[in-house]
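**Student:** with the input below, show me the fold.
(one chain, ligands or ions: 1)
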Amino acid sequence: MADFPQCRLATWADADRWSARIADQVRAADHLPDVIVGLTRGGWVPSRLLADHLGVKRLLALRVQHWGITATVSRAAEITEALHGSVDDARVLLLDDITDTGESLELATKHVAERRPARVESAAFLHIGHAKFVPTYYAEEIPRGSWVWVVFPWNYWEDVRHFVRLSREESDDVEVIRRIIGERCGLDLPREHVAKALSAGEPPKSSAAG
Ligand code: AMP
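**Tutor:** Modelled structure (predicted):
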């Protein structure tokens, strides 16, 4: 039987609450950054939300690949696209959506620290208690032992397509697939979403990880 992870569905309202909370923590520390570096892809949307909350204008992306398709670690964390802008003498805040092993944010922090910034701090919307790297700021902690795969709004269709693909090993029927995903992942997906994912083709190869 295919391996389905237990899931938690995150909403846009959650994302706004998490970015507001991190913005409050940053302000309370009086550590407003000059530049926010979003880890792509998970931290890309969060970094734009945080930039809005904090009024930060400079936003950079750093591509780190670690997890492959939904809920499977397929490699060691690796920087596959380096920082494309200078952080010389800048106060930098790195942001990811979640620290799970913590390897992505740890590696990204080292990468930025080597580029002579004035300060490097890190943040994640969610932090799992077992992570080996603890970000400077996080909005919510998932206790060690309560691991779940978080279906973020910016990863929703990728995750749904993946669960539908796994379910198709057992059935091609929309209702049966809905039930399989409900029972094994704890996700109550709308029928139309399952049907849409069923009719979607395979994603391009380059989107298989990150
Ligand atoms: P890690 O290097 O293990 O801390 O994982 C970092 C990246 O993998 C994050 O940016 C997420 O995009 C993805 N990821 C890892 N674990 C999870 C999870 N439990 N739920 C959702 N996404 C995750």
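
**Student:** show me what contacts the residue nearest to residue 154 when sequence neighbours are not counted?
**Tutor:** Nearest residue to residue 154, sequence neighbours excluded (Cβ to Cβ, 6 or more residues apart in numbering): residue 45, at 4.4 Å. Any C-beta I mention is one placed from the backbone N, CA and C, and that applies to glycine too. Applying Cβ atoms under 8 Å, 6 or more residues apart in numbering, we find residue 45 in contact with 15, 38, 97, 152, 153, 154.

**Student:** pull the residues that contact stretch 188-196.
**Tutor:** 160, 164, 174, 175, 177, 178, 181, 182.

**Student:** please repeat the previous calculation with a cut-off of 7 Å.
**Tutor:** Applying Cβ atoms under 7 Å, 6 or more residues apart in numbering, the contact partners of stretch 188-196 are 160, 164, 174, 177, 178, 181, 182.

**Student:** look at the fifth one and tell me its secondary structure.
**Tutor:** Following DSSP: H, G, I helix; E, B strand; the rest coil, we place residue 178 in the helix state.

**Student:** do a quick rundown of the strands in the protein.
**Tutor:** Assigned by DSSP state E, the strands in the chain fall at 7-9, 35-40, 58-67, 73-81, 91-99, 119-128, 137-142, 149-151.

**Student:** CA atoms of the fifth one as CSV?
**Tutor:** Which is strand 91-99. What follows is strand 91-99, C-alpha atoms only, in CSV (Å, rounded to 0.1, in the frame of the first residue of the first chain):
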residue,chain,number,x,y,z
ARG,A,91,20.8,43.1,8.0
VAL,A,92,19.3,39.9,6.6
LEU,A,93,16.3,37.9,7.6
LEU,A,94,15.9,34.5,6.0
LEU,A,95,12.5,32.9,5.8
ASP,A,96,11.0,29.5,5.1
ASP,A,97,7.5,28.1,5.6
ILE,A,98,8.5,25.3,7.9
THR,A,99,11.6,23.9,9.6
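
**Student:** which parts of stretch 176-193 are buried?
**Tutor:** Residues 177, 178, 180, 181, 184, 185, 187, 189, 193 are the ones in stretch 176-193 that count as buried (16 or more other Cβ atoms under 10 Å).

**Student:** can you tell me which two in those are farthest apart?
**Tutor:** The span of the buried residues of stretch 176-193, defined through Cβ to Cβ, is set by 184 and 193 at 16.4 Å.

**Student:** ok, of the buried residues of stretch 176-193, which one's closest to residue 169?
**Tutor:** Of all the buried residues of stretch 176-193, residue 180 has the smallest distance to residue 169: 9.6 Å, by Cβ to Cβ.

**Student:** for that closest one, what are its contacts?
**Tutor:** Counting by Cβ under 7 Å, 6+ apart, residue 180 touches 167, 170.

**Student:** go on, residue 53?
**Tutor:** Neighbouring residues of residue 53 by Cβ under 7 Å, 6+ apart: 19, 20, 23.

**Student:** what's around the closest residue to it other than its chain neighbours, how many residues?
**Tutor:** Distance criterion Cβ to Cβ, 6+ apart; nearest residue to residue 53, sequence neighbours excluded, is residue 23 at 3.7 Å. Counted by other Cβ atoms under 10 Å, the residues lying close to residue 23 total 22.

**Student:** residue 23 is in contact with residue 56, isn't it?
**Tutor:** No: counting by Cβ atoms under 7 Å, residue 23 stays clear of residue 56, with 9.6 Å between them.
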